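K.L.:
prediction below, plus the sequence it came from.
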Amino acid sequence: IQSITARTGFAVDQVKVVGNRQTSEIDILDRLELDGWTSLIGFDAEAARERISGLPWIEMAAVRKVYPHTLEVRVEEREAFALWQQGNDLSVIEKDGAVIAPFSGGKQVLLPLLMGEGAPAKAPDFLAKVEKYPDLASRVKGYIRVGDRRWDLKLDNGITVKLPEDQEDQALADLVKMDHDKGLLSRDIAAVDMRLTDRLVVELTPEAATQREAALNEKPKTIKRKSETKI
């Protein structure tokens, strides 16, 4: 029947695909399972819709016959929220934490990177807090959930900010203020530890620690030489 109706003028010779951004048109065409003799009359649009709906990024699909020769495919895709790293596996996830597909590069590299147990579930609320401070958010390269209790921020210059379990909002506000007033996050440091309520601990980089130790060791010698000169 397919070949007969195709020969009588109803062969599918055009396919329009609308709405795909992450899904390749080739993958969609493959799911249509067309051949040179496919007739629009005998084509099972519902079966094709179900096959297309099985693609990782597809949230909804519709397949419509447009006589005499065209199939129209409209899709809505799932919305990427973040990247989630589990060991060596890197996946694109939705806001509810559901995995969409493995990371494949391209514009996906711009998504926030989450790591650690419990990160996907807690990330939406926490990222909303960080995004209140655009300058800080633009520098975060990784959001690390620690023990499913608190967050570390990995910045673009390698600094790790260790946030407390509670009062994240206040800690972020304090961090931004200290950076604005004193350039804290531009210094030669490895980490900023904000886990204690009564103090902030700064960990120097190995190079900065070596320089500081050398300066401290040199200071008494300088004082001693000055004292000897006065005598």
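P.N.:
All right, it came through fine.
K.L.:
outline the domain layout of this protein.
P.N.:
Per the record, the chain has its domains at 2-77, 82-207, by automatic domain parsing.
K.L.:
may I have the distance across the last one, first residue to last?
P.N.:
End-to-end distance of domain 82-207: 34 Å, with C-alpha to C-alpha, to the nearest Å as the criterion.
K.L.:
can you map out the strands along the protein?
P.N.:
Along the chain, counting by DSSP state E, strands occupy 14-18, 58-66, 70-77, 82-86, 89-93, 99-102, 113-115, 140-146, 150-155, 160-162, 189-193, 201-204.
K.L.:
relative to Pro134, which of those is closest?
P.N.:
Smallest distance to Pro134 across the strands of the chain (C-beta to C-beta): 10.9 Å, for strand 140-146. To be clear about C-beta, it is placed using only N, CA and C from the backbone, and glycine gets the same treatment.
K.L.:
looking at the protein, which helix or strand is least sure?
P.N.:
helix 2-5 (a mean of 45; mean pLDDT, DSSP states H and E).
K.L.:
list the buried ones in stretch 124-140?
P.N.:
Phe126, Leu127, Lys129, Val130, Tyr133, Leu136, Arg139, Val140 (16 or more other C-beta atoms under 10 Å).
K.L.:
would you turn those residues into TSV with pLDDT?
P.N.:
TSV is the format used below for the buried residues of stretch 124-140 (pLDDT from 0 to 100):
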residue	pLDDT
Phe126	98
Leu127	98
Lys129	98
Val130	98
Tyr133	98
Leu136	98
Arg139	97
Val140	98
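K.L.:
return the member of those nearest to Val15.
P.N.:
When the buried residues of stretch 124-140 are compared for distance to Val15 (C-beta to C-beta), Leu127 wins out at 38.6 Å.
K.L.:
roughly how far apart are that closest one and Lys177?
P.N.:
Between Leu127 and Lys177 the computed distance is 20 Å (C-beta to C-beta, to the nearest Å).
K.L.:
hang on, the earlier thing: closest one to Glu76 out of the buried residues of stretch 124-140, please.
P.N.:
Of all the buried residues of stretch 124-140, Glu76 sits closest to Leu127, with 23.7 Å by C-beta to C-beta.
K.L.:
with adjacent residues omitted, what lies nearest to that closest one?
P.N.:
Excluding its sequence neighbours, the residue lying closest to Leu127 (C-beta to C-beta, 6 or more residues apart in numbering) is Pro112, at 6.0 Å.
K.L.:
and for Ile100?
P.N.:
Val92 (4.7 Å).
K.L.:
the one you found and Val99, how far apart?
P.N.:
Distance, Val92 to Val99, using C-beta to C-beta: 7 Å.
K.L.:
pull up the overlap in contacts between these two.
P.N.:
By C-beta atoms under 8 Å, 6 or more residues apart in numbering, Val92 and Val99 have these common neighbours: Trp84.
K.L.:
more crowded one of the two?
P.N.:
Taking other C-beta atoms under 10 Å, Val92 and Val99 do not tie; Val92 has more neighbours (21 against 14).
K.L.:
beta partners for that one?
P.N.:
Leu83, Ala101 (DSSP bridges).
K.L.:
fine by me, we can end here.
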